[in-house]
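Visitor: sequence first, then the predicted structure:
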Amino acid sequence: MTTGIDAAFIAARNDALRRDLAHDYEHLGDQLARRGIDLEHVRAQVATFGVAIPSWGVGTGGTRFARFPGPGEPRHVFDKLQDCGVIQQLARATPTVSLHIPWDKCTDWSELRGQAASLGLAFDAMNSNTFSDQPGQPRSYKFGSLTHTDAATRAQAVAHNLECIDIGRKLGSKALTVWVGDGSNFPGQHHFRRAFDRYLESTRQIYAALPDDWRMFLEHKICEPAFYSTVIQDWGSSYLAASALGPKAQCLVDLGHHAPNVNIELIVARLIAAGKLAGFHFNDSKYGDDDLDAGSVSPYRLFLVFNELVAAAHERAPGFDPAYMLDQSHNVTDPIESLMTSAAQVQRSYAQALLVDRDALDAAQEANDAMTATHLLKAAFQTDVTPLLQRVRADAGGAIDPVATYRASGYRRQVAEARPAALSGGGGIV
Ligand SMILES: [Mn+2]
């Protein structure tokens, strides 16, 4: 089996960049010191930041039109974990993996847990799938799953979620993410209130099976695959459901699951205030659920989301404990390169948000000084924290330049030889 990238190779690549990095880092420290910010303090916080890799992300994604598999695609969950290990080895901001059932089913969960531990990885939230039919499945989800009009179909979807919890317990996971594709394509097709009641009836059964130290993440989505209505369409529906279920149920925000121009950072603030923010699926979009790499189109929006998160942590908002996950689809890039880049982008937004002068912002808001307030945010966002991120990676044994190191390592060529393309495993958009 191909292992990860040789640590000595990463160190040698870093050695060529260390001198420039030391100079750039010192300059950043001087800049921040003039603003009263201690770079070492910020570095300690950024070094603890982590975002989960979605197991489905390491395969080539696709669109409704076509999928173009790349070389060396993972064939099964063990291959996926191996790729996640390389991402963590180089990027050092992705210590966990979020699995998807049944795509990641295997026959020996303890072996999988052992492999993860050997790669320095743990398991984040489990993801259930009741949006597509599996071979041999007795009931179809064509017209819905947890909200289907047929009780036996709902029971089948509930049972699948209970199985996901059961698998997650074996892996040390502490959360279940539930997203349903249930909805309608025609006005009149759904009785809106009854469909939502059926959702509550089903999710109550799942909630009742949650271990005491688990959480349930409810993921909303405005449309797709249903294009007229979805049962959990927006954060309001998600909040109603999470409130009805109980304290272990919270609302997960996927950045691509809103209408264009919706103020997502405001939604984040509302959910924090209500103690109902579960966490995120980070990605980016221009038009809809595009699943582009995080921050590739709207890095300022991502920063503004993190501005709310850092403010909540700073103010010790009750119950604030968001889970961070990537959720993106790669149609034209090597998934490992995209996931490393996105992890660094999310980490960058967090670092920039840590630079906001909170006391000055509070004062500007109280004084209704809009110009000063917006300048304070821009000052943080426009600070180039690249040397900080490089230093954090290098200190942890990762790569100063992850993509260049990955390309030079030849990892993709090695796995392309070891993994026959015809056996490529599942992947998709969630
Ligand atoms: Mn998602």
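Guide: That came in fine, so what should we check first?

Visitor: remind me which residues of the protein are low pLDDT?
Guide: For the chain, the stretches with pLDDT under 70 are 1-2, 422-430.

Visitor: how about a cut-off of 90?
Guide: Along the chain, segments meeting pLDDT under 90 span 1-3, 59-70, 420-430.

Visitor: what sits against the residue of it positioned farthest from its centre?
Guide: Centroid-distance maximum for the chain: Ala367 at 36.8 Å, with C-alpha atoms, centre = their mean. Residues near Ala367 by C-beta atoms under 8 Å, 6 or more residues apart in numbering: none. Every residue, glycine included, has its C-beta placed from N, CA and C.

Visitor: try Leu176
Guide: Contacts of Leu176 by C-beta under 8 Å, 6+ apart are 125-128, 161, 164-165, 168, 206, 210, 214-217.

Visitor: just grab the bridge partners of it for me.
Guide: With DSSP bridges as the criterion, Leu176 is bridged to Met126, Met216.

Visitor: for the ion, state which of the contacts of Leu176 is nearest.
Guide: Nearest to the ion out of these is Asn127 (C-beta to the ion; 8.3 Å).

Visitor: I'd say the closest one and Gly57 touch.
Guide: No: Asn127 is not in contact with Gly57 according to C-beta atoms under 8 Å; the separation is 11.5 Å.

Visitor: of these two, which one has the most company?
Guide: Gly57 (31 against 27; other C-beta atoms under 10 Å).

Visitor: can you give me the distance of that one to the ion?
Guide: Gly57 sits 11 Å away from the ion, going by C-beta to the ion, to the nearest Å.

Visitor: from the ion, how far off is Glu111?
Guide: According to C-beta to the ion, Glu111 stands 28 Å off from the ion.

Visitor: name the helix or strand for that residue, please.
Guide: Assigned by DSSP states H and E, Glu111 falls within helix 109-118.

Visitor: what helices or strands is that helix leaning on?
Guide: helix 77-91, strand 122-123, helix 151-171 (3 or more C-beta pairs under 8 Å, 6 or more residues apart in numbering; DSSP states H and E).

Visitor: pick the most buried one from the ones you listed.
Guide: Comparing those by mean neighbour count (mean count of other C-beta atoms under 10 Å), helix 77-91 comes out on top with a mean of 25.

Visitor: what is that one packed up against?
Guide: So helix 77-91, by 3+ C-beta pairs under 8 Å, 6+ apart, packs with strand 53-54, strand 96-98, helix 109-118, helix 335-354, helix 402-409, helix 411-418.

Visitor: now those in TSV, with distance to Asp38 and mean neighbour count?
Guide: Below are those laid out as TSV (distance: least, C-beta to C-beta, whole Å; neighbours: other C-beta atoms under 10 Å):
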stretch	distance to Asp38	mean neighbour count
strand 53-54	31	30
strand 96-98	29	26
helix 109-118	35	15
helix 335-354	11	25
helix 402-409	26	19
helix 411-418	37	16
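
Visitor: and Arg75, which of the ones you listed is closest to it?
Guide: Nearest to Arg75, of all the helices and strands packed on helix 77-91, is helix 411-418, at 9.5 Å by C-beta to C-beta.

Visitor: tell me what that closest one is packed against?
Guide: Using 3+ C-beta pairs under 8 Å, 6+ apart, helix 411-418 is in contact with helix 77-91.
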